[in-house]
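> I'd like to go over a predicted model; first the sequence, then the structure.
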Amino acid sequence: MRKIAILRAAELSDRTNAELEAAFEVHDLPYEKSAADALFNDVGPRLRGMALRKALVDAKLLDRLPALEIISSYSAGLENVDLAAATARGIEVANTSHVLAGEVANLALGQILVVTRDIRNADKFVRGGHWPHGAYPLQVSLQGMNVGIVGFGQIGQALGARLQAVGANVHYSGPRRKAVDFPYHENPRTLARECRVIVLTCPLTPDTYGLADKQFLKAIGPDGWIVNISRGAILDEAALIDALARNAIAGAALDVFAGEPEVPEALRQDDRVLLTPHIGSGTEQTRQAMGDAMVDALVAKLTTETPPRR
Ligand SMILES: NC(=O)C1=CN([C@@H]2O[C@H](COP(=O)(O)OP(=O)(O)OC[C@H]3O[C@@H](n4cnc5c(N)ncnc54)[C@H](O)[C@@H]3O)[C@@H](O)[C@H]2O)C=CC1
Ligand SMILES: O=C(O)C(=O)CO
């Protein structure tokens, strides 16, 4: 029997590719438009699933895929997918939030500890031979500190649990109150005023683009930190650079950047800013779990097989 045809618009691990190819007739989305057109003319009407990572999926692309039933993304973020267009066509969109949230939350917790305890500069202090000349300045405690999470979804809630375990007071903000005991702030700026550390864990949407702007950073204030683990464009980087230059914010930890992999020089030169290269989910185990979850969603939707890991 002929295998079900799917489109692969993703660079994936050998294991994930092998699993996809064992289960499906896999067609790669060509980079060149003419080659893509030829593919759509040839097999477009037979493509029932899509294995996705980062590529743009807009209404024009979906129009070429009339049989598409599921887009399975190797990511939590879906800002590259026109979700309204997919929903209007009855296409399921699956992501991998459920298998990566804990890993991303772990990194965020680490980043918060690094900036609030100034671990990066304390390390330089020892290496630089400064210790014999005097003790390192005292730091602030995360215990009893108000930490605000913008976007209390899978990552936000995983981070909330971790912060609670280290004694921080968790607050959150988002479109609606959740069934949790943490204080809710409808307005993210109120959250920023109430909390000393703010962590961005919301998706990039038209509503969140530039959400952490000049006024938001002002609300955090000169003794506070901002941590961005979501998407670069949610934070106004120019406003952050300006706030740092005026000592109007204590520092930042950034895993994501508006123009990544390019990072503004002013941020790269600033000791108060911890920079990581979009590694929130970047462990061998979690990346494999993401590949597995992506395959499993396609198998569950399109075949009568029991997905390998369900
Ligand atoms: N740094 C990294 O490596 C990674 C970054 N991410 C980013 O984190 C984002 C969140 O991931 P998950 O927690 O898995 O998603 P999720 O969908 O479980 O949670 C997102 C939360 O944000 C809330 N939200 C939506 N609009 C909002 C708004 N205007 N203001 C405040 N909150 C809003 C939603 O209600 C939801 O509670 C992803 O969309 C992605 O951009 C995800 C994985 C890894
Ligand atoms: O899953 C995502 O959205 C990422 O940013 C990478 O894990």
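Nice, thanks for sending it over. Residues are numbered from 1 along each chain as shown. Ligands and ions are numbered 1, 2, ... in the order given.

> can we go C-alpha only for contacts and neighbour counts from here?
OK.

> residues contacting the most centrally placed residue in the chain?
Closest to where the C-alpha atoms of the chain average out (Cα atoms, centre = their mean) is residue 230, at 3.9 Å. Neighbouring residues of residue 230 by Cα atoms under 8 Å, 6 or more residues apart in numbering: 200-204, 255-256.

> equivalent analysis for residue 301, please.
Applying Cα under 8 Å, 6+ apart, the residues near residue 301 are 69-70.

> and the host helix or strand of it, how far out from the chain middle?
Residue 301 is located in helix 284-302, with elements delineated by DSSP states H and E. Relative to its parent chain, helix 284-302 has a centroid offset of 17 Å by Cα atoms, centre = their mean, to the nearest Å.

> and stretch 248-266, by the same measure?
Worked out by Cα atoms, centre = their mean, stretch 248-266 lies 15 Å from the chain centre.

> what's the end-to-end length of that stretch?
15 Å (Cα to Cα, to the nearest Å).

> got the buried residues for that stretch?
248-257 (16 or more other Cα atoms under 10 Å).

> name the residues that touch it?
For stretch 248-266, the surrounding residues in contact (Cα under 8 Å, 6+ apart) are 111-112, 115, 217-218, 220-233, 237, 241, 243-244, 272-280.

> and it, does that touch ligand 2?
No. Against ligand 2, stretch 248-266 shows no contacts by Cα under 6 Å from any ligand atom, the least distance being 8.2 Å.

> contact partners for the residue of the stretch 201-310 of the chain found nearest ligand 2?
Using Cα to the nearest ligand atom, residue 281 is the residue of the stretch 201-310 of the chain that sits closest to ligand 2, at 4.5 Å. Contact analysis of residue 281 by Cα under 8 Å, 6+ apart lists 100-101, 103-104, 287.

> let's see it at 10 Å
Neighbouring residues of residue 281 by Cα atoms under 10 Å, 6 or more residues apart in numbering: 75-76, 97, 99-107, 287, 290.

> over to residue 112?
106, 118, 142, 147, 163, 197-199, 225-227, 252-253, 274.

> so after the host helix or strand of it, what's the next helix or strand?
For residue 112, the element it lies in under DSSP H and E is helix 97-116. Once helix 97-116 ends, the next helix or strand along the chain (criterion: DSSP H and E) is helix 119-127.

> show me where the stretch 51-200 of the chain has its helices.
59-63, 83-88, 97-116, 119-127, 154-165, 188-194 (DSSP state H, counting those that start in this stretch).

> now the third one: buried residues?
For helix 97-116, a neighbour-count test (16+ other Cα under 10 Å) marks 97, 99-109, 111-116 as buried.

> likewise stretch 152-161?
Neighbour-count burial for stretch 152-161 [16+ other Cα under 10 Å]: 152-160.

> make a markdown table out of the residues you listed and add distance to residue 192 and pLDDT.
Below are the buried residues of stretch 152-161 laid out as a markdown table (distance: Cα to Cα, whole Å; pLDDT from 0 to 100):
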| residue | distance to residue 192 | pLDDT |
| --- | --- | --- |
| 152 | 15 | 98 |
| 153 | 18 | 98 |
| 154 | 21 | 98 |
| 155 | 19 | 98 |
| 156 | 15 | 98 |
| 157 | 18 | 98 |
| 158 | 20 | 98 |
| 159 | 17 | 98 |
| 160 | 16 | 98 |
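
> and of those, the nearest to residue 47?
residue 154 (30.6 Å; Cα to Cα).

> that closest one contacts residue 77, doesn't it?
No. Here residue 154 lies out of contact with residue 77, judged by Cα atoms under 10 Å, at a distance of 11.6 Å.

> between the two, what contacts are shared?
97, 202.

> in strands, which of the contacts of residue 230 appear?
residue 200 (DSSP state E).

> from the contacts of residue 230, list the ones also adjacent to ligand 1.
201-204, 255-256.
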